[in-house]
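Undergrad: Structure for the following, please:
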Amino acid sequence: MEYFTAENSIVRKIWGRPDSVLFIFAGAAAEFALNKAVDWLYFTGKLPADPLGRLFSTVVYSRKIIFSPLNDAYQYIDQITAIHKGVEQNRGMQIPDWAYRDVLFMLIWYSIHAYEVLYEKLSTAEEEEVFDVFYRVGKRMGLKDMPLNYQQWQRAHRVHLANDLVCSEFTADLYRQYKKHLGGARYLLLKRVQALIVPACVKQMLGLKSPGILRPLLTGYKLGRRRGMAQWIVERLLPAQYTPQLRQIRTGFRRSIKPLPAPPNGGNRTRRPAF
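TA: Modelled structure (predicted):
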């Protein structure tokens, strides 16, 4: 059976590990707050009510695509497209292509940097493989002006950082919601993780301090990981209601993805991703 990503893909390795997925989650939470299209996330009113859940939905969709057979992955991508078409119709506006590209750019950047912080540096070929997976997602979505290779993406990513990010009232509100839903200690840890993996301009715009105590904590975590304590530690980094999702994040996650049923009457009960 053909899968969206090869079974020995570095992307499966990255997205099959709960700790790297949580670091991707943390980095995306920072850039979502700065993106000029963040007002789309506020349109339904659901983002401020459950910011962690909405961001987690993007992670869940990404994992489903990565670990699914090719045809099922295409259906998940088509669901994302259809969901957002519905949001556009309700608002009477079109989500710009660059907003979709920005999300894919985030997933590329944080997939690479989360894994490198927690495990080891990727080779150029592995970085290109990460790019290729999310490039194919964008092509299936029909996005225009996608960079065609990793080198083009690096240039396009620099343009995105310069043009598509801004501190706004949404930024401040979203961070208030992060603190409210995470609690003080987890919120401070989130900001330390973000300071470690976000691009320099994002760190500056958000006023993130240095990782500080996170570096020795990471050293201790890596020792604990070798002793089999990783799952116990990771499950305490988010509130308890997210424990089931974290326990699903395993390299063998693809085996737990059931084939997509046909939605009744064209309906869709799947939680909508953040973008």
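Undergrad: Ends of stretch 33-53, what's the gap?
TA: Its first and final residues considered, stretch 33-53 spans 15 Å by C-alpha to C-alpha, to the nearest Å.
Undergrad: low-scoring stretches of this protein, by residue?
TA: Within the chain, the segments meeting pLDDT under 70 span 41, 44-48, 250-275.
Undergrad: let's see it at 80
TA: 40-59, 87-88, 226-228, 230-231, 235, 238-275 (pLDDT under 80).
Undergrad: Give me the distance between the residue lying closest to Ser210 once chain neighbours are set aside and Ile213.
TA: Ranked by C-beta to C-beta, 6 or more residues apart in numbering and with sequence neighbours excluded, the top spatial neighbour of Ser210 is Ala195, at 6.1 Å. Yep, even glycine has a C-beta here, placed from its N, CA and C like the rest. Distance of Ala195 to Ile213, given as C-beta to C-beta, to the nearest Å: 11 Å.
Undergrad: Would you mind telling me which of those two has more residues around it?
TA: Taking neighbours as other C-beta atoms under 10 Å, Ala195 and Ile213 compare with Ala195 leading, 20 against 11.
Undergrad: Am I right that the more buried one is in a helix?
TA: Yes. Assessed by DSSP: H, G, I helix; E, B strand; the rest coil, Ala195 belongs to a helix.
Undergrad: Now do the contacts for it.
TA: Contact analysis of Ala195 by C-beta atoms under 8 Å, 6 or more residues apart in numbering lists Lys203, Leu208, Lys209, Ser210, Pro211, Gly212, Leu214.
Undergrad: Can you flag the buried ones in the residues you listed?
TA: Taking 16 or more other C-beta atoms under 10 Å as the criterion, what is buried in those is Lys203, Leu208, Pro211, Leu214.
Undergrad: Just want to check the distance between the second one and Ala73.
TA: Right, Leu208. In terms of C-beta to C-beta, Leu208 sits 34 Å off from Ala73.
Undergrad: and the closest residue to Arg91 other than its chain neighbours, how many neighbours does it have?
TA: Residue nearest to Arg91 in three dimensions, not counting chain neighbours: Phe43, with 5.6 Å by C-beta to C-beta, 6+ apart. Neighbour count for Phe43, taken as other C-beta under 10 Å: 14.
Undergrad: Gln89 is in contact with Phe43, correct?
TA: No. In this structure Phe43 lies outside contact range of Gln89 using C-beta atoms under 8 Å: 11.7 Å.
Undergrad: Would you agree Glu31 falls within a strand?
TA: No. Counting by three-state DSSP, Glu31 is located in no strand; its state is helix.
Undergrad: Sticking with the nearest residue to it once chain neighbours are set aside, tell me its helix or strand.
TA: Excluding its sequence neighbours, the residue lying closest to Glu31 (C-beta to C-beta, 6+ apart) is Met106, at 5.1 Å. Per DSSP states H and E: Met106 is located in helix 97-118.
Undergrad: tell me which strands and helices that helix is in contact with?
TA: Here helix 97-118 touches helix 10-15, helix 18-34, helix 124-140, helix 150-163, helix 184-197, helix 214-226, going by 3 or more C-beta pairs under 8 Å, 6 or more residues apart in numbering; DSSP states H and E.
Undergrad: mind running it again at 7 Å?
TA: If contacts are counted by 3 or more C-beta pairs under 7 Å, 6 or more residues apart in numbering; DSSP states H and E, helix 97-118 sits against helix 10-15, helix 18-34, helix 124-140, helix 150-163, helix 184-197.
Undergrad: Pull out the buried positions in the first one.
TA: Taking 16+ other C-beta under 10 Å as the basis for neighbour counts, the residues of helix 10-15 that come out buried are Ile10, Val11, Arg12, Ile14, Trp15.
Undergrad: before we move on, what about stretch 148-155?
TA: So for stretch 148-155, counting by 16+ other C-beta under 10 Å, buried means Tyr150, Trp153.
Undergrad: same question, stretch 217-231
TA: Going by neighbour count (16+ other C-beta under 10 Å), the buried part of stretch 217-231 is Leu218, Tyr221, Arg225, Ala230.
Undergrad: Go ahead and name everything in contact with that stretch.
TA: Residues from elsewhere that reach stretch 217-231 (C-beta atoms under 7 Å, 6 or more residues apart in numbering): Asp19, Ile233.
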